[in-house]
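Peer 1: Whatever this is, show me its structure:
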Amino acid sequence: MSHVLTPDICVVGGGSGGLSVAAAAAAFGVEVVLAEKGPMGGDCLNTGCVPSKALIAAARAARHARDAGGFGISTGEVHVDFAAVNAHVHGVIEAIAPHDSVERFEGLGVRVLQDAARFVDARTIACAGMLVRARRFVIATGSRPAVPPIPGLDRVPYLTNETVFGLTECPGHLLVIGGGPIGAELAQAHARLGARVSVVEAERVLGREDPALVAPVLEALRADGVDMVESARVVAVEGRAGNIRLTLECDGARREIAGTHLLVAVGRRPSIGGLGLEAAGIAHGPRGIEVGSDLRTSNRRVYAIG
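Peer 2: Okay, here's the model as predicted:
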């Protein structure tokens, strides 16, 4: 028989949202169990906010060095050691990681289970060989990169935000599918660090944002050398590492664009697979878990955030 834990709150997901709930509840003396199957800190610490902003900071430093002549300061030719930039990014992650670590949360009184969790009924999850029957649950499993069904994409190597921060060599020509915030910021950073960059967007780059605010951003991207191909649908991908080709459809005509690396940044999808939501009676759909204004799901014991 599995050991049964009966905390006041069980949090599923150890990213920004889940850790905030767990820490706050523990501070009030509430008994908390936290389940996390991956690295503590989730996407924000490991593959999102922290590494992207560290990379952007390095790219900004390179840009400032190139522009120093305008202030009467000569730095000579700017050399970017991309492996050192990568080490800087991961050093920032490592500096923050203790704040989100298992050890810190156990020190706060949180019981941490490092395994996948799934609901087995409306009030119980199974995790790490145990059952957790909590008074309330909070699902905070976040999201993952969306991968579009483009013919040939599954046969070529491509990057997402989960893998792009592993690069230790600067791409010769980075192709970016998707001109939203993630695609735009990573495009600019890599361009400033020495890569040739092309962004392919089916509609308009940063098209969901205020046009008046987008205009200076696009001007800055162009000044950094980012080539933006708008109103272009990617209809096929082919090639191999170092030589990847996209077939684009623009206004009924087709053209090809080739590069050394491919980054897919077309949005996010909720990470709810394997949670056993049906067993718990939790309504959900393609956009994620359905919640009310109080973040409560169709199962009154369960809340969802993030």
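
Peer 1: what's the closest non-adjacent residue to the most centrally placed residue in the chain?
Peer 2: For the chain, the residue nearest the mean C-alpha position is Gly48 (4.3 Å; Cα atoms, centre = their mean). Excluding its sequence neighbours, the residue lying closest to Gly48 (Cβ to Cβ, 6 or more residues apart in numbering) is Asn161, at 6.3 Å. Glycine gets a C-beta too; all of them are placed from N, C-alpha and C.

Peer 1: and if you look at Arg269?
Peer 2: Per Cβ to Cβ, 6+ apart, closest to Arg269 is Ala146, 4.7 Å.

Peer 1: Could you count how many residues lie near the one you found?
Peer 2: 13 (other Cβ atoms under 10 Å).

Peer 1: still on that earlier bit, now the residue nearest to the centre of the chain: how far from Tyr158?
Peer 2: 18 Å (Cβ to Cβ, to the nearest Å).

Peer 1: for whichever helix in the chain runs longest, packing partners?
Peer 2: Counting by DSSP state H, the longest helix found in the chain is helix 49-67. Helices and strands touching helix 49-67, by 3 or more Cβ pairs under 8 Å, 6 or more residues apart in numbering; DSSP states H and E, are helix 82-96, helix 181-192.

Peer 1: got the buried residues for that helix?
Peer 2: Val50, Pro51, Ser52, Ala54, Leu55, Ile56, Ala58, Ala59, Ala61, Ala62, Arg63, Ala65 (16 or more other Cβ atoms under 10 Å).

Peer 1: so how far is Val264 from the fifth one?
Peer 2: It refers to Leu55. For Leu55, the distance to Val264 - Cβ to Cβ - is 17 Å.

Peer 1: do the last one as well
Peer 2: Separation of Ala65 from Val264 (Cβ to Cβ): 31 Å.

Peer 1: same thing with the first one?
Peer 2: Applying Cβ to Cβ, the value for Val50 to Val264 is 21 Å.

Peer 1: Wasn't Ile257 part of a strand?
Peer 2: Yes. Counting by DSSP: H, G, I helix; E, B strand; the rest coil, Ile257 is found in a strand.
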